[in-house]
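> Structure of the sequence below:
(chains A and B)
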Amino acid sequence: MTDAAAQRPDGLDGSPLPGPFPVGVWAKGFQEFLRERPRVQLFGEVVNLRRTKARAYFELRDGDGAAQCSIWNNRLDALKLPEGAFADGVQVVVAGGPDYYPGSRTASPGFSFDVTGLRVAGEGDLLAQLADLRRRLETEGLFLPQKELPLTALPRTIGVITGESGKARDDVLAGLHRRGWGGRLVWAFAPVQDRRAAAAVTAALQDLAAIGEVDVIIVARGGGSLTDLFAFSDETLCRTVALLRVPVIASVGHHTDRMLIDDVAAISASTPTHAAEAAVPRDIRAEQARTLREAVALERHGRRAVVDRARVLARMARVPSDHVARHRRNLHQSLRELRAAAGRRSGERRTATATRALVLHRKALAGAGAEADARRRAVESLGLALTAHEPRRILERGYAMVDDGAGGVVTSAAQAREARDVRVTFADGSVDATIQDGKT
Amino acid sequence: MSDAERSYETATARLEEIIRRLDTGEAGLRETLDLVKEGRGLVEYCAAELDAVSQGLEELQLGALVARLEGTTTSPADEEHRS
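The predicted model follows:
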């Protein structure tokens, strides 16, 4: 028993009701009571949706009443509802039962319908189904095959699946006209909004692809309600598109309403006009102008190359004869100059040589005259002088020459005393002598 | 390259490449003449492709085309018309 039970006050005077009981005890009992109620499914509109860390709370309402509901976040997340599918105003079916939070001294109590299962109904239900199918097709890899098909730049035949009387038909024509495209257009009119739509569109796709001439198929439909457009999320239709060998360009509804065909098609266009432009990626008139420009450029290059080459060849052909002629002219000129110069120089040389010969002759004559006489006279006088100075002649005159016997002439008495042994040479021969002088 | 392998995209890409090369002025006489010859072929191909899709819109209904391909006569309602 709690403290509250220990401090139980007296009951109301005269009341036949049991108690008083501590409120916490009663609250827990009430919680147990509610949890024992049978589990049920309810449906209604979601109002005042708010999420906390652990739970999402919302009211489920209809015209006659409402119930406070709560769901654990992990349960809600496991439903993998598409974004926006579970929101205020959405019709939902919930499964669960009543519950009661007993609260405490510091926390408020609260009633809620404890939601253990939830499904979005109405349009929300369609979105949930769409999300589920999208997940499955994507897991199977069916979003890719169409994207891998090559798109022809200049399709010759375009198939268009659309409603016969819809605005989409005019929009496609406008888009093709804008591109300047004038090929073959195969209309495949089909109902695009009732229950027959999905099957009719699927059949048209198969027929167009079977023709073989069709390069690309446009599936076009204007805006509409989610229910109207839902045919374009049909599983059979989408699987057919995914596996078709002809590229499909889809433009269904407004861009915000993404149908499954948008995911499986080669291209998802925002409007039928854009779909037509995507089918003919190039502007035909611009391409024609470009091709013409390129043809002109090619011819210009070709002509220029030939003309340039011809000029070079002509120049090359001219070069040898020009060269020879120029050299011949130069040679002739040089020859003339050489001849002229040679004649001039030999004349000049002849004159100069004669002059020099005369000069030399004169010099030779002059040199051989006076100078020779003088030299002869000088030599004669020198001969006489030398003869006069010859030592033998002097000895013949009675003189004697004293030397030391080794070649040194003794010219004084002192040298004779110092030498002691001397040689005395007379005109007829030499005698050795020893100086005997007391003064040594 | 045969017409079956050639696409308008590859043809235009090659043409642009050829014109760029010629515009550089670096190609010799032999290369220039070869490129011009190849380019002429590509221009002819591109012009023919463009002609094929600029002759005027030819509108058919699926049923008419299927019938024509099967060699049967078309019903008056399905008859093609050029715009």
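
> Spatially nearest residue to A:F189, not counting backbone neighbours?
Leaving aside its sequence neighbours, A:F189 sits nearest to A:E164 (Cβ to Cβ, 6 or more residues apart in numbering or on different chains; 3.9 Å). Quick note: C-beta positions are derived from backbone N, CA and C, even for glycine.

> How many residues are close by the one you found?
12 (other Cβ atoms under 10 Å in any protein chain shown).

> for it, helix, strand, or coil?
Secondary structure assignment for A:E164 (DSSP: H, G, I helix; E, B strand; the rest coil): coil.

> just A:L154 next, same as before
Under three-state DSSP, A:L154 falls in the coil class.

> Settle this for me: it is touching A:R282, isn't it.
Yes. Proximity of A:L154 to A:R282 meets the contact threshold set by Cβ atoms under 8 Å, at 6.7 Å.

> What parts of chain B come near chain A?
Taking Cβ under 8 Å from any Cβ of the partner chain as the criterion, chain B approaches chain A at residues B:7-9, B:12, B:15-16, B:18-19, B:22-23, B:29, B:32-33, B:35-36, B:39-40, B:43, B:46-47, B:49-50, B:52-62, B:65-66, B:69.

> I'd like to know which of the residues you listed are part of helices.
Among the residues of chain B next to chain A, the members falling in helices are B:8-9, B:12, B:15-16, B:18-19, B:22-23, B:29, B:32-33, B:35-36, B:39-40, B:43, B:46-47, B:49-50, B:52, B:62, B:65-66, B:69 (criterion: DSSP state H).

> among those residues, which ones are buried?
Listed as buried from these are B:8, B:12, B:15, B:18-19, B:22, B:32-33, B:35-36, B:39, B:43, B:46-47, B:49-50, B:62, B:65-66; burial here means 16 or more other Cβ atoms under 10 Å in any protein chain shown.

> pLDDT value on residue 38, please?
Let's take chain A. For A:P38, the pLDDT comes out at 94.

> nope, chain B
Looking at B:E38, the pLDDT reads 94.

> surely it meets B:R21?
No. In this structure, B:E38 is not within contact of B:R21 by Cβ under 8 Å, at 10.6 Å.

> picking that back up, of A:L154 and A:R282, give the one with the bigger neighbour count.
Higher neighbour count among A:L154 and A:R282: A:L154, with 23 against 19, using other Cβ under 10 Å.

> State the phi and psi torsions of that one.
phi -130, psi 80 (degrees, to the nearest 10).

> what's near enough to touch it?
Each residue near A:L154 by Cβ atoms under 8 Å, 6 or more residues apart in numbering or on different chains is listed here: A:V280, A:R282, A:I284, A:E287, B:Y8, B:E49, B:L50, B:A52, B:V53.

> Could you name every residue contacting both of A:L154 and A:R282?
Taking Cβ under 8 Å, 6+ apart as the contact rule, A:L154 and A:R282 both touch B:Y8.

> So which bits of the stretch 301-440 of chain A are right by chain B?
Counting by Cβ under 8 Å from any Cβ, the positions of the stretch 301-440 of chain A adjacent to chain B are A:H301, A:G302, A:A305, A:V306, A:R309.

> Just put those in JSON lines and tack on secondary structure, neighbour count and distance to A:D432.
Converted to JSON lines, those look like this (DSSP: H, G, I helix; E, B strand; the rest coil; neighbours: other Cβ atoms under 10 Å in any protein chain shown; distance: Cβ to Cβ, whole Å):
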{"residue": "A:H301", "secondary structure": "helix", "neighbour count": "22", "distance to A:D432": "127"}
{"residue": "A:G302", "secondary structure": "helix", "neighbour count": "18", "distance to A:D432": "129"}
{"residue": "A:A305", "secondary structure": "helix", "neighbour count": "21", "distance to A:D432": "123"}
{"residue": "A:V306", "secondary structure": "helix", "neighbour count": "14", "distance to A:D432": "125"}
{"residue": "A:R309", "secondary structure": "helix", "neighbour count": "14", "distance to A:D432": "119"}
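
> Could you find the closest non-adjacent residue to B:R40?
The spatial neighbour of B:R40 that comes closest, neighbours along the chain excluded (Cβ to Cβ, 6+ apart), is A:L298 at 6.1 Å.

> need the contact list for the one you found.
Shown in contact with A:L298 (Cβ under 8 Å, 6+ apart): B:I18, B:I19, B:L22, B:V36, B:G39, B:R40, B:V43.
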